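Next comes the sequence, and after it the predicted model I'd like to discuss.
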Amino acid sequence: MSHPRKDIDALIHSPVRFSLLAALRNLEDVDFRFLADLLEVSDSTLSQTLTVLADAGLVAVRKEAVGRRTRTWVGITDAGREAFARHLATLQAIIESGSATPTAPASEHEQPKDAPA
């Protein structure tokens, strides 16, 4: 049996990408500025993060002209929602694997607790 850590999605596991997908999974399209403030990251960091996730098809980025400015909206895709759910399930499996009781072979010098000495 393989350890569940081998199923971790390295793309999602980055703290900023994980936090971004966690926020988006419960929200509709979100403004870039709102996300930068929520995640406490620079515009550059958020932009790079969005590029990686958009290239992987996990988020959709939409630009909208508002007067002379452009607003950027971000939303999670169905593929992103599914990938995030799988990642959470993997993390849960890792947690649960730590609570398994190992079965060690009995030493030839050990006697069962209820056996006579």
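All right, it came through fine.

Output stretch 2-19 as PDB, restricted to C-alpha atoms.
The C-alpha coordinates for stretch 2-19 follow below in PDB (Å, rounded to 0.1, in the frame of the first residue of the first chain):
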ATOM      1  CA  SER A   2       1.400   3.400  -1.000                       C
ATOM      2  CA  HIS A   3       1.500   6.300   1.400                       C
ATOM      3  CA  PRO A   4      -1.200   8.900   0.600                       C
ATOM      4  CA  ARG A   5       1.400  11.700   0.400                       C
ATOM      5  CA  LYS A   6       2.300  10.400  -3.000                       C
ATOM      6  CA  ASP A   7      -1.100  11.700  -4.200                       C
ATOM      7  CA  ILE A   8      -0.500  15.300  -3.100                       C
ATOM      8  CA  ASP A   9      -1.000  17.700  -5.900                       C
ATOM      9  CA  ALA A  10       2.200  19.800  -5.900                       C
ATOM     10  CA  LEU A  11       0.500  22.400  -8.000                       C
ATOM     11  CA  ILE A  12      -2.100  23.000  -5.300                       C
ATOM     12  CA  HIS A  13       0.100  22.400  -2.300                       C
ATOM     13  CA  SER A  14       1.900  25.700  -2.500                       C
ATOM     14  CA  PRO A  15       0.600  27.800   0.400                       C
ATOM     15  CA  VAL A  16      -0.600  30.700  -1.800                       C
ATOM     16  CA  ARG A  17      -2.200  28.500  -4.400                       C
ATOM     17  CA  PHE A  18      -3.800  26.400  -1.800                       C
ATOM     18  CA  SER A  19      -5.200  29.500   0.000                       C
END
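
quick one: average confidence on that stretch?
Average pLDDT, stretch 2-19: 84.

quick one: buried residues of it?
For stretch 2-19, the neighbour count (16 or more other CB atoms under 10 Å) marks 4, 9, 11-12, 16-19 as buried. In short, each C-beta sits where N, CA and C put it, glycine included.

For the protein, just list every one of the helices.
For the chain, the helices defined by DSSP state H occupy 10-13, 15-24, 32-39, 43-55, 78-97.
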